[in-house]
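Attaching a predicted model along with its sequence, questions to come.
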Amino acid sequence: MTTMKAIRLRSYGGPEVLVLEEVPRPQVGAGEALIQVRAAGVNPLDWKVRAGHVKGWLPHRLPLILGWDVSGVVEAVAPGVTDFRVGDAVYGLLDFGRDGAYAEYVAARTLNLALKPSSIHYTQAAAVPLGSLTAWQSLFDVGGLKPGQTVLIHGAAGGVGHFAVRFAKWKKAKVVATASANNEAFLRDLGADEVIDYRITKFEKAVNDVDVVLDTIGGETQQRSWQVLRKGGILVATLGISSPEAATSHGVRGEGVMVHPDAAQLTQIAALIDAGELIPAVSTILPLEEAARAHELSQTGHVRGKIVLQVGG
Ligand SMILES: NC(=O)c1ccc[n+]([C@@H]2O[C@H](COP(=O)([O-])OP(=O)(O)OC[C@H]3O[C@@H](n4cnc5c(N)ncnc54)[C@H](OP(=O)(O)O)[C@@H]3O)[C@@H](O)[C@H]2O)c1
């Protein structure tokens, strides 16, 4: 077999540009593994790429296979690859510039991969890499969150936010989370100390002296967040900092974050999952053929946890 099924897009547009096709199987390059995909995580980035919203800073050659969160089984490795073997169960964050995992097979640099947490299914594992690495890198690498500090997490019920809540609790920080009321019980179960319903309460009236804000929402949520930070505190934003001057005038810092693959962090995250510290929340599992439906759901901006595409049986 030299071909495979994949969801590809030939032009930017709505969910209807996602088409199931028979396409050539990828070839592995130096330092790479061929993965038989079991599941692909769906992230907002996927529909933003599909719609052409990010082609300015993330150019792709079309036709393109989306999906940079993967779990699966190593089918083959390039000569000289020793860190993984055929048959290994792996998960990882793929390089954004090339074809992704909405397919039966994907080629990946082994530097992007880690062994899959053994205690969870492939569909849960595929939900982990991008969201959890963004949360980890935002809170710890950029935000420098320490035990005893207070973190305000905007979008706490989402793909990034729900991992951030667990990581912050694992770090022994106090977590204040924003979400709508129907996610309050979900966030309390994750360990959030306070949940603010952003639809009825102005968070800036309910919280202050925050050490770290994780902002996955942007816009006026970000504008109203500067005032809740203590002097010297930091706001870490997944959608960029719209007004660096606002940070300066409040005596705080603002940093945009861009997630990057990190196998060592994924290995540590797998250990936390296997120790029961972290359970990825998958709200919807769809077959690969229903990628367009997955995008429609993601675009609502109100997914709880993650959406995953299951590949094969
Ligand atoms: N820079 C990077 O490296 C990077 C990495 C990952 C993600 N991102 C970006 O970061 C954003 C978040 O990603 P994600 O995967 O977490 O998205 P997501 O899963 O689509 O987030 C959905 C969540 O946002 C919540 N939400 C919506 N409006 C809200 C508001 N005004 N206040 C508080 N919560 C609100 C929803 O909760 P309710 O249903 O309760 O409203 C829902 O649970 C996306 O735009 C994504 O593209 C960037």
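Arrived safely, thanks for sending.

How about the residues of this protein by the ligand?
Residues of the chain found near the ligand (CB under 6 Å from any ligand atom) are 43-45, 130-131, 134, 154-155, 157-161, 178-180, 183, 198, 216-217, 221, 238-239, 257-259, 298, 301-304. C-beta coordinates here come from the backbone N, C-alpha and C atoms, glycine included.

List buried residues within these.
Using 16 or more other CB atoms under 10 Å as the burial test, these include 43-45, 130-131, 134, 154-155, 157-161, 178-179, 183, 198, 216-217, 221, 238-239, 257, 259, 298, 303-304 as buried.

quick one: which of the residues of the chain next to the ligand sit in helices?
Pro44, Leu45, Leu130, Gly131, Thr134, Gly161, Thr221, Ser298 (DSSP state H).

residues in contact with the second one?
Right, the one you point to is Leu45. Val54, Trp68, Phe96, Leu130 (CB atoms under 8 Å, 6 or more residues apart in numbering).

Glu277 too?
Arg166, Trp170.

can you rerun that using 6 Å?
Counting by CB atoms under 6 Å, 6 or more residues apart in numbering, Glu277 touches Trp170.

Surely it is within a strand?
No: with DSSP: H, G, I helix; E, B strand; the rest coil as the criterion, Glu277 is coil rather than part of a strand.

Now it: phi and psi?
Glu277 adopts backbone torsions of phi -80, psi -20, taken as degrees, to the nearest 10.

ok and the residue in this structure nearest the ligand?
Using CB to the nearest ligand atom, the closest approach of the chain to the ligand is made by Gly158 at 2.4 Å.

if I pick Leu235, what's in contact with it?
Val213, Asp215, Ser225, Gly254.

for Ala127, same thing?
So Ala127 contacts Gly41, Pro280, Val282, Lys306, Val308 (CB under 6 Å, 6+ apart).

and the longest helix along the chain, how far from the chain's centre?
Using DSSP H, we find that the single longest helix of the chain is helix 263-274. Counting by CA atoms, centre = their mean, to the nearest Å, helix 263-274 is centred 15 Å from the centre of its parent chain.

Which residue ranges of the stretch 1-150 of the chain form helices?
Ranges of helices in the stretch 1-150 of the chain, per DSSP state H, counting those that start in this stretch, are 44-50, 122-125, 129-136.

Save the ones you listed as TSV, and put in mean pLDDT too.
Output for these, formatted as TSV (pLDDT from 0 to 100):
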stretch	mean pLDDT
helix 44-50	98
helix 122-125	98
helix 129-136	98
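
Alright, that wraps it up for me.
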